[in-house]
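Visitor: Sequence plus predicted model, see below.
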Protein chains: 2
Amino acid sequence: MARSPQKKTNAPASGNAVTADLVAVLVAVTDGTPKIMTIASGSALPSGPFEFTHRSLQTALRAWVEAQTGHPLGYVEQLYTFADRGRSGDARTPHSVSISYLGLTREDQVGEGFEAHWSGWYDYFPWEDHRAGTPVCLAKMIAPKLKTWAKAAPSPTLQRERWQRCAITFGLDDRDWNEELVLQRYELLYEALLIPEAGRAHDHAAPVVPGKPMTADHRRILATGIARLRAKIKYRPVVFELMPAEFTLLQLQRSVEALAGRLVHKQNFRRLIEQQELVEETGAMAADTVGRPAKLFRFRHAVLAERAVAGTKLPLSRS
Amino acid sequence: MARSPQKKTNAPASGNAVTADLVAVLVAVTDGTPKIMTIASGSALPSGPFEFTHRSLQTALRAWVEAQTGHPLGYVEQLYTFADRGRSGDARTPHSVSISYLGLTREDQVGEGFEAHWSGWYDYFPWEDHRAGTPVCLAKMIAPKLKTWAKAAPSPTLQRERWQRCAITFGLDDRDWNEELVLQRYELLYEALLIPEAGRAHDHAAPVVPGKPMTADHRRILATGIARLRAKIKYRPVVFELMPAEFTLLQLQRSVEALAGRLVHKQNFRRLIEQQELVEETGAMAADTVGRPAKLFRFRHAVLAERAVAGTKLPLSRS
DNA sequence: CCATTTATACTCTCCTTGAGCATAAGATGG
DNA sequence: CCATCTTATGCTCAAGGAGAGTATAAATGG
């Protein structure tokens, strides 16, 4: 059975050579739409080989993205490393480890002459946007198909368990919608064969759910990134990486809502932001607006030094 | 400048071949002491090459650990992927990507005939245990040395910034201790050259802080694991993976305290556990105890199915 | 002037959380 | 049997935070 692990560590077997590449989930928010950088007509996330000319993965990703966009990348965070066998489909291609990263920027910082585009992330996950209430596709298409799938389980117990999982992750049967379960929802749809990426090699010509598919497991990686970001904005002031230098509180709120996929209570949102001293007034007012003009604010970069865990706990609620 | 990324993805360059291995932070808690599995006399974490005979990294790790310990691994979670150049020191060794995992088990499940041991994790991070108040080594050794380091900064502004960072991450100057900043603290000590792993190629024969060092960046990986676990126990019922089938509420509390490195209010702890219906009485009472005998409880595995995010929010306080 | 839209200031209530008090149920030593 | 020690367990209380609503202010286009 087990060999001594340390021996292997000091002298790596030649059999475990792989290729390593980076996959990036680059996020921007423009006019209340969260976007991600894509290539190949929106069917893939930008990715490239990891070059060991860099000191670390983080540096490699930054260098690569900055070369593409011509602008520094604000916030970078490692997401997950995928290494499932047969990722590429062909068993004979060299095995590859994909290290995925989440990066936050702004759309206007894209360089020229690249084939990269910004695509709205809800194009890939239409069921994730609950800002205007529960999306129709969820109630009309997804829920019924999940129900069918649940009923297809071999035993009544399993049927109940399947449906319970569906109801919890998708907020069905009067349960609350939990916006952080992006990955779980994707994986459930995958398991139920309602996603093109899952392959339709099954009899019942699997009817597929709305949402644009992606190459390989890129949509899974995107789901991981969205989930992470939705969790993060609640306890770290990362939203500001996506904002222009000056903004109104409503713009800030709209960005948060765009990411979270749900609306927040306006007054409570302001209270939270202000009492945490995350922003300061610039003195100027927003121009070209409807209604009463709003004060412009800027992010207080100082808070990052002042506090270890500056919370931007969002008051997430319904309507 | 930038080449098209997708081209590379489809035809990986031969230049980015690396070796991939897994590093595991396997945690158990015995008698109020959090332990980690180590090899090489406690100077390294167990690690081994990733074998592509497995479907995924997760499966590979499970198989490998289960072969070692002879018992199933309860909870497994990916931690971080490290790929810094020169990790192994020698620039000519093949570049390696280390994918680290956190796994939870129990000590009594270790198999026989292996060179693995369980070591107390506070042997590596003595300053992280605040259960009996602020550890002496923090006030007596670490704080003064950090102060010296801060003062060594070139400008007064930088000196102040350095010290502010130190004070925040270590809870100095009457700030609160934040038990989750394990990694930040390790990295700060590393930066201040107070850690043997940082190399002492500096003039002022760097006086080193207490705590057992480890090979390569294993102590950094361990710090990552501890930080992640300390964060996780607050919102997910993962502590139970470390408990025997039946336990008293005090035993459960001691385990949580062991991991968090701080004490919790007993009555509030019980209130939280019970109102969340995480446990149920077995009917039996604990035997061989001092004081009034306590009821035995078992974890309600059903909650994992009932709730998506079962919170075990710990009431973490002082004393 | 009015309706409309957005900004901003307060208020109110419920729930959570930190913290303490009080009592119960065992063991042990005199 | 009693005093004391130790742990278990029940209950109360106050402060703060979060969700939600009311009211008023400042702009715009008819």
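Guide: Nice, thanks for sending it over. Numbers count the residues shown, from 1 in each chain, chains lettered A, B, ... in the order given.
Visitor: and the stretch 201-319 of chain A, which residues reach DNA strand C?
Guide: The stretch 201-319 of chain A has residues A:248-250, A:266-267, A:270-271, A:286, A:289-295 near DNA strand C, with proximity defined as Cβ under 7 Å from any atom of the strand. Placement of C-beta: from N, CA and C, glycine included.
Visitor: which two of those residues lie the greatest distance from each other?
Guide: Greatest spatial distance in these: A:271 and A:290, 23.7 Å, computed using Cβ to Cβ.
Visitor: neighbour-wise, which of these two wins?
Guide: Applying other Cβ atoms under 10 Å in any protein chain shown to residue A:271 and residue A:290 shows that residue A:271 carries more neighbours, namely 12 against 5.
Visitor: Please report how far that one lies from chain B.
Guide: As judged by Cβ to the nearest Cβ, to the nearest Å, residue A:271 and chain B stand 23 Å apart.
Visitor: now residue A:210
Guide: 23 Å.
Visitor: State the phi and psi torsions of that residue.
Guide: Dihedral angles of residue A:210 (phi, psi; degrees, to the nearest 10) stand at phi -60, psi 160.
Visitor: Provide a list of residues in contact with it.
Guide: With contact set as Cβ atoms under 8 Å, 6 or more residues apart in numbering or on different chains, residue A:210 has these partners: A:126, A:127, A:137, A:141.
Visitor: Could you do residue A:81 as well?
Guide: Taking Cβ under 8 Å, 6+ apart as the test, what residue A:81 contacts is A:97, A:98, A:99, A:100, B:57, B:78, B:81, B:97, B:99.
Visitor: what about it, is that helix, strand or coil?
Guide: At residue A:81 the chain is in strand, as set by DSSP: H, G, I helix; E, B strand; the rest coil.
Visitor: Which one of the residues in the stretch 101-250 of chain A is closest to chain B?
Guide: Distance from chain B to each residue of the stretch 101-250 of chain A (Cβ to the nearest Cβ) is smallest for residue A:168, at 4.9 Å.
Visitor: so how far is residue A:162 from that residue?
Guide: Distance from residue A:168 to residue A:162, counting by Cβ to Cβ, to the nearest Å: 11 Å.
Visitor: do residue A:60 as well
Guide: Applying Cβ to Cβ, the value for residue A:60 to residue A:162 is 42 Å.
Visitor: Same drill for the two, tell me which one is more crowded.
Guide: Neighbour count, other Cβ under 10 Å: between residue A:60 and residue A:162, residue A:60 has more, with 23 against 20.
Visitor: Just confirm that one contacts residue A:50, I think it does.
Guide: Yes. The pair residue A:60 and residue A:50 qualifies as a contact (Cβ atoms under 8 Å) at a distance of 5.6 Å.
Visitor: joint contacts of these two?
Guide: Taking Cβ under 8 Å, 6+ apart as the criterion, residue A:60 and residue A:50 both touch residue A:22.
Visitor: Look at residue A:196 and say how many residues are nearby.
Guide: Neighbour count for residue A:196, taken as other Cβ under 10 Å: 16.
Visitor: List phi and psi for it.
Guide: Per-residue torsions, residue A:196: phi -50, psi -40 (degrees, to the nearest 10).
Visitor: Retrieve the pLDDT associated with it.
Guide: On pLDDT, residue A:196 comes in at 90.
Visitor: what's the neighbour count on the nearest residue to it once chain neighbours are set aside?
Guide: Closest residue in space to residue A:196, ignoring its immediate chain neighbours: residue A:213 at 4.3 Å, by Cβ to Cβ, 6 or more residues apart in numbering or on different chains. Residue A:213 has 13 neighbours, counted by other Cβ under 10 Å.
Visitor: Is residue A:303 within a helix or a strand, and which one?
Guide: In the assignment (DSSP states H and E), residue A:303 maps to helix A:302-306.
Visitor: For chain B, tell me whether that helix is touching it.
Guide: Yes. Against chain B, helix A:302-306 shows contacts by Cβ under 8 Å from any Cβ of the partner chain at A:305, A:306.
Visitor: Residue A:21 - that's part of a helix, no?
Guide: No. Counting by three-state DSSP, residue A:21 falls outside a helix, being strand.
Visitor: For the residue nearest to it when sequence neighbours are not counted, what are phi and psi?
Guide: Closest residue in space to residue A:21, ignoring its immediate chain neighbours: residue A:49 at 4.9 Å, by Cβ to Cβ, 6+ apart. Phi and psi for residue A:49, reported as degrees, to the nearest 10, are phi -70, psi 150.
Visitor: what do you get for residue A:128?
Guide: The phi/psi pair for residue A:128 (degrees, to the nearest 10) reads phi -90, psi -10.
Visitor: Look up how far residue B:117 lies from the residue of chain A found nearest DNA strand C.
Guide: Residue nearest to DNA strand C within chain A (Cβ to the nearest atom of the strand): residue A:291, separated by 2.2 Å. Residue A:291 is 68 Å from residue B:117, where distance means Cβ to Cβ.
Visitor: higher neighbour count, the two?
Guide: Neighbours around residue A:291 and residue B:117, counted as other Cβ under 10 Å, are more numerous at residue B:117. The numbers are 14 against 6.
Visitor: Provide the secondary structure category for the closest residue to residue A:171 other than its chain neighbours.
Guide: Distances taken as Cβ to Cβ, 6+ apart put residue A:177 closest to residue A:171, at 3.6 Å, once the chain neighbours are dropped. Under three-state DSSP, the three-state class of residue A:177 is coil.
Visitor: Isn't residue A:177 up against residue A:230?
Guide: No. Between residue A:177 and residue A:230 there is no contact, the gap being 11.9 Å when judged by Cβ under 8 Å.
Visitor: More neighbours: the two, which one.
Guide: Between residue A:177 and residue A:230, residue A:230 has the larger neighbour count (other Cβ under 10 Å), namely 22 against 16.
Visitor: Do the one helix or strand the more buried one maps to and DNA strand D come into contact?
Guide: In this structure, residue A:230 sits in helix A:218-232 according to DSSP H and E. No. Contact of helix A:218-232 with DNA strand D (Cβ under 7 Å from any atom of the strand) is absent, the minimum separation being 14.5 Å.
Visitor: May I have that helix exported as PDB, CA atoms only?
Guide: What follows is helix A:218-232, C-alpha atoms only, in PDB (Å, rounded to 0.1, in the frame of the first residue of the first chain):
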ATOM      1  CA  HIS A 218     -15.200  27.000 -17.900                       C
ATOM      2  CA  ARG A 219     -18.800  27.600 -16.800                       C
ATOM      3  CA  ARG A 220     -18.100  25.700 -13.700                       C
ATOM      4  CA  ILE A 221     -15.100  27.900 -13.000                       C
ATOM      5  CA  LEU A 222     -17.200  30.900 -13.600                       C
ATOM      6  CA  ALA A 223     -19.800  29.600 -11.200                       C
ATOM      7  CA  THR A 224     -17.000  29.200  -8.600                       C
ATOM      8  CA  GLY A 225     -15.900  32.800  -9.200                       C
ATOM      9  CA  ILE A 226     -19.400  34.200  -8.900                       C
ATOM     10  CA  ALA A 227     -20.100  32.300  -5.700                       C
ATOM     11  CA  ARG A 228     -16.800  33.500  -4.200                       C
ATOM     12  CA  LEU A 229     -17.400  37.100  -5.100                       C
ATOM     13  CA  ARG A 230     -21.000  37.000  -3.800                       C
ATOM     14  CA  ALA A 231     -19.700  35.700  -0.500                       C
ATOM     15  CA  LYS A 232     -16.800  38.100  -0.400                       C
END
